[in-house]
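Trainee: Here is a sequence with its predicted model. Questions after.
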Amino acid sequence: MSLIAEGVTKSIKGKIILQNIDLNMQRGAVYGFCGRNGSGKTMLFRALSGLMRIDSGRILWKEKELHKDFSVLPSLGIVLEHAGLYPNMTGLKNLSYLGGLKKIVGEEEICEALCRVGLDPYDKRVYGKYSMGMKQRLAVAQAIMEHPEVIMLDEPTNGLDEAGVQEIRTIIGQERERGALILLASHSKEDMDMLADHVYRMSDGCLIGEEEKQ
Amino acid sequence: MVDRWQTKRMMILFGVISGGLVSLAFVRPYEKEIALAELVLQLSGARGAFAMGCTLPDLVRFMLRMVPNMLVVMMLGSQLYRHFCTASVYVFSRYPNRLQWYLKSLASLFANVCFFELIFVTSTVLAAMPRYRILFSKSGVLLLGFHALIYTAWIFGWVLMTNLFAIRLGSSRSFMAMMTAQAVCTATLAFVRIFERNGMSAEFIKLFIEINPVAHTVLSWHQGAPFGEALAHSRYDLSPLATIMLLIILDIVIVLAGAAVAGRYDLLSENRETEED
């Protein structure tokens, strides 16, 4: 089962933000994407997930085409930088609301996901009062709680302390073992060295290099 | 939008406080008793039994009276915008039917606005009761319903507009733009006095008022069935039915524009709370 991008191109207001992207990614592996700010990593995740339409090319998941056979990847967990959750709700309430949209997980799985990222499911504080690290952990919890087949993590270790970074790395490893296809965007060379099976370098919306690790 | 009880609590608190304050500040009969119809008219600018005029003091008083509505627009508009921002990633990655999600969100918003308006008018009447003897009548109750209806439609439309503009401008700038638009609409009513002084025709003045949406929120400028005597001192003879239709049509246009935005992937992915990398 693979996620394939063929000639994916996208421009916004005349500026090309993704140019002729070709990818072939398999489940049970971590694909790292690195590059400077504005290189197109987040936009690539938006395009591959279906959250953003592309101008040309196509994206295939299990041999079905995105935006023709389905509008977003059917089994997806995603963390995007700067995308917040509901500030006046606790972590558990936030995840319960999101979990209620698909209704494939109950409170037990949601609490388990919160515990996995090191958050107390019964913490009374609302999301708006969370520290940056706690917000990041909650975002990761919402991405993994439904055990998705594809997980896209955009800078998942941003704002985390050393222990938090280790916990997120462990989770990424566990999800890979479970058989998830993981896309990881990170500035951290250590993240790439430790976690990624393949590393793609991006610049100005193009893939400029690929490295396969042993 | 999502945490219903929290929003309801907020609407109750704000409805009671603002309804009470508006009642204390604006509901003042000449005698120790007040007809319900007169009380309702005073909620939208009338003074005593007299219809609001277009003088500067009247317009300033009217704008002050609109402050609670503006604050509700700010609260619900920014809440709806945050709802859109969260949805742009975490909801739409799970719930691809954007239109259905949008309509559900609007239904919830509409219920909250109705709820606020209900609490607001009830609080205004209750706050007047210990001070004056209120004379209830069928036309007064109808006028109260008319007031609640047009202000619900009014607030609902502005909340949606604030949310739509926030997608481009950010929530604070969008709110400022909406408030400026309302203030400009209200200020242009001052031209009516100039037109009247210069002997412009009544038809022209009526048309000038009819095309200004703010004018339709002044109940004492309306006249016609089914309010009868309650609107006997109308100043500009606006039709209640035409006002309801106008506000409903405006709301429908804004809802449709919002539906188009919710369906546009690029617009929502470019929201101001999500930086691109």
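Mentor: The structure has been received and is ready for your questions. Residues are numbered from 1 along each chain as shown, chains lettered A, B, ... in the order given.

Trainee: Could you list which residues are in contact with the residue nearest the centre of chain A?
Mentor: By CA atoms, centre = their mean, chain A has its centre lying nearest to A:Met152, at 1.9 Å. Residues in contact with A:Met152, defined by CB atoms under 8 Å, 6 or more residues apart in numbering or on different chains, are A:45, A:48-49, A:76-80, A:143, A:182-183. Heads up, the C-betas are built off the backbone N, CA and C, glycines and all.

Trainee: Can you lay out these as TSV showing distance to chain B, secondary structure and pLDDT?
Mentor: Converted to TSV, those look like this (distance: CB to the nearest CB, whole Å; DSSP: H, G, I helix; E, B strand; the rest coil; pLDDT from 0 to 100):
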residue	distance to chain B	secondary structure	pLDDT
A:Phe45	9	helix	95
A:Leu48	11	helix	95
A:Ser49	6	helix	94
A:Leu76	5	strand	95
A:Gly77	8	strand	95
A:Ile78	5	strand	95
A:Val79	9	strand	94
A:Leu80	5	coil	90
A:Ala143	9	helix	96
A:Ile182	15	strand	97
A:Leu183	13	strand	97
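
Trainee: which one of those residues sits closest to A:Gly106?
Mentor: Of all the contacts of A:Met152, A:Gly77 has the smallest distance to A:Gly106: 16.8 Å, by CB to CB.

Trainee: So the closest one is in contact with A:Ala141, correct?
Mentor: No: when contacts are counted by CB atoms under 8 Å, A:Gly77 is not listed as touching A:Ala141 (9.7 Å).

Trainee: which secondary structure elements does the host helix or strand of A:Asn24 contact?
Mentor: Using DSSP states H and E, A:Asn24 sits in strand A:15-26. Judged by 3 or more CB pairs under 8 Å, 6 or more residues apart in numbering or on different chains; DSSP states H and E, strand A:15-26 is in contact with strand A:2-12, helix A:41-49, strand A:181-185, strand A:206-212.

Trainee: what's in contact with that strand?
Mentor: A:1-11, A:31, A:40, A:43-44, A:47-48, A:54, A:57, A:181, A:183, A:198, A:200, A:204-207, B:276.

Trainee: in chain A, which helix or strand is least confident?
Mentor: Ranking every helix and strand in chain A by mean pLDDT, DSSP states H and E puts strand A:206-212 at the bottom, with a mean of 85.

Trainee: Quick check: buried residues in that one?
Mentor: Neighbour-count burial for strand A:206-212, with 16 or more other CB atoms under 10 Å in any protein chain shown as criterion, is recorded at A:206-207.

Trainee: same check, this time on stretch A:98-113
Mentor: In stretch A:98-113, counting by 16+ other CB under 10 Å, buried: A:98-99, A:101, A:105, A:109-111, A:113.

Trainee: Of those residues, which is the nearest to B:Thr152?
Mentor: For the buried residues of stretch A:98-113, the nearest to B:Thr152 is A:Leu101 (28.5 Å; CB to CB).

Trainee: related to what we said a few turns ago, most widely separated two among the buried residues of stretch A:98-113?
Mentor: Taking CB to CB, no two of the buried residues of stretch A:98-113 sit farther apart than A:Leu101 and A:Cys111, at 17.8 Å.

Trainee: Could you count how many residues lie near B:Cys114?
Mentor: 16 (other CB atoms under 10 Å in any protein chain shown).

Trainee: ugh, wrong one, B:Ala128
Mentor: Neighbours of B:Ala128 (other CB under 10 Å): 23.

Trainee: thought it was touching B:Thr122?
Mentor: No: B:Ala128 is beyond contact range of B:Thr122, at 11.0 Å (criterion: CB under 8 Å).

Trainee: quick one: the longest helix along chain A to strand A:181-185, angle?
Mentor: Using DSSP state H, we find that the single longest helix of chain A is helix A:162-178. Counting by axes from the mean of the first three to the mean of the last three CA atoms, to 10 degrees, helix A:162-178 points 150 degrees away from the direction of strand A:181-185.

Trainee: contacting residues for the closest residue to B:Tyr30 other than its chain neighbours?
Mentor: Once flanking residues are discounted, B:Tyr30 sits nearest to B:Gly48: 5.2 Å by CB to CB, 6 or more residues apart in numbering or on different chains. B:Gly48 makes contacts with B:28-30, B:38, B:42, as judged by CB under 8 Å, 6+ apart.
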